[in-house]
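In: quick one: sequence plus predicted model below, questions after.
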Amino acid sequence: MTPFSDLSIHTERLSLRPLVEADANDLFAIFGDPRVMRYWSTPVWADREQALRLVAGDREALARREDLRLGLVRRDLGRVVGTVSLFRIDAGNRRAEIGYALGAEHQGAGLMSEALVALVDLAFDHQPGAPFDDLRLHRLEADIDPRNTASAASLTRLGFQLEGTLRERWQVGGEISDSGLYGLLRPDWLARRSGRPTLR
Ligand SMILES: CC(C)(COP(=O)(O)OP(=O)(O)OC[C@H]1O[C@@H](n2cnc3c(N)ncnc32)[C@H](O)[C@@H]1OP(=O)(O)O)[C@@H](O)C(=O)NCCC(=O)NCCS
């Protein structure tokens, strides 16, 4: 059982690691950009202080093993270009929700797919000593604005299925929007990763 604060994952082009104060400018560049926040569940950031508050909040959540957010560091640039998170971790029901955002200029290159494969592998790894071994997660969920076609494509690429739509569930910046609820089950993920056909 690894403390979330010690987590660090490397993919082909990215390093995934907890956020630190020195990432504040990079984070503000992402979450202060209306293009990135168009379908996000909170308004566009107005100042850099929000980045520092996020990092401070994350530090506590990571230490308590509550929520996990990791910054995506593009190794060729040496800076944070996005984030992925695992939150609403429900140990009793062995499920959690995922969230993700990528800076606008880094989209369309498969970077988020690369990061999410690593995150899902981590979440569903039940081997003794794996960071989430005690949670034995069985199901991951995502809640997206159905108009967010790039996000829907990212989820579908991973094997998430659209399981339902909740009407007019979010009020963000005076705008009302629906929720598209997606789910991914561990047996389906393992079958997909091993190239076996899915049974359901
Ligand atoms: C959702 C979001 C992360 C998707 O970003 P993305 O760059 O499209 O996602 P991926 O990294 O999976 O890249 C896939 C795209 O890269 C292309 N691509 C290029 N090289 C690739 C590679 N090696 N592997 C996979 N895809 C590749 C794919 O063809 C695809 O483009 P397409 O959709 O035009 O076909 C991004 O739109 C975003 O951050 N949006 C704002 C925040 C947000 O809405 N988050 C979700 C809230 S629920």
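Out: Received, thanks.
In: Asp58: neighbour count?
Out: For Asp58, the tally of surrounding residues (other C-beta atoms under 10 Å) stands at 23. (Each C-beta comes from the backbone N, C-alpha and C, glycine too.)
In: if I pick it, what's in contact with it?
Out: Remark: with contacts taken as C-beta atoms under 8 Å, 6 or more residues apart in numbering, Asp58 is in contact with 18-19, 67, 69.
In: name the residues of the helix or strand hosting it that are buried.
Out: When secondary structure is defined using DSSP states H and E, the element that contains Asp58 is helix 49-63. For helix 49-63, a neighbour-count test (16 or more other C-beta atoms under 10 Å) marks 50-51, 54-55, 58-59, 61-62 as buried.
In: can you put those residues in TSV and add pLDDT?
Out: Output for the buried residues of helix 49-63, formatted as TSV (pLDDT from 0 to 100):
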residue	pLDDT
Gln50	97
Ala51	98
Leu54	97
Val55	97
Asp58	96
Arg59	93
Ala61	92
Leu62	92
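In: can you get me a residue count around Arg139?
Out: Here the count is done by other C-beta under 10 Å, and Arg139 has 18 residues near it.
In: quick check: closest non-adjacent residue to it.
Out: In this structure, Arg139 finds its nearest non-sequential neighbour in Arg95, 4.1 Å apart by C-beta to C-beta, 6 or more residues apart in numbering.
In: please apply the same query to Ala61.
Out: With C-beta to C-beta, 6+ apart as the criterion, Ala61 has its nearest non-adjacent residue at 4.3 Å, and that residue is Asp67.
In: so what's the one you found up against?
Out: With contacts defined as C-beta under 8 Å, 6+ apart, Asp67 is in contact with 58, 61, 85-89.
In: what residues are up against the residue nearest to Arg139?
Out: If a contact means C-beta under 8 Å, 6+ apart, then Arg95 has 137-141 as its contacts.
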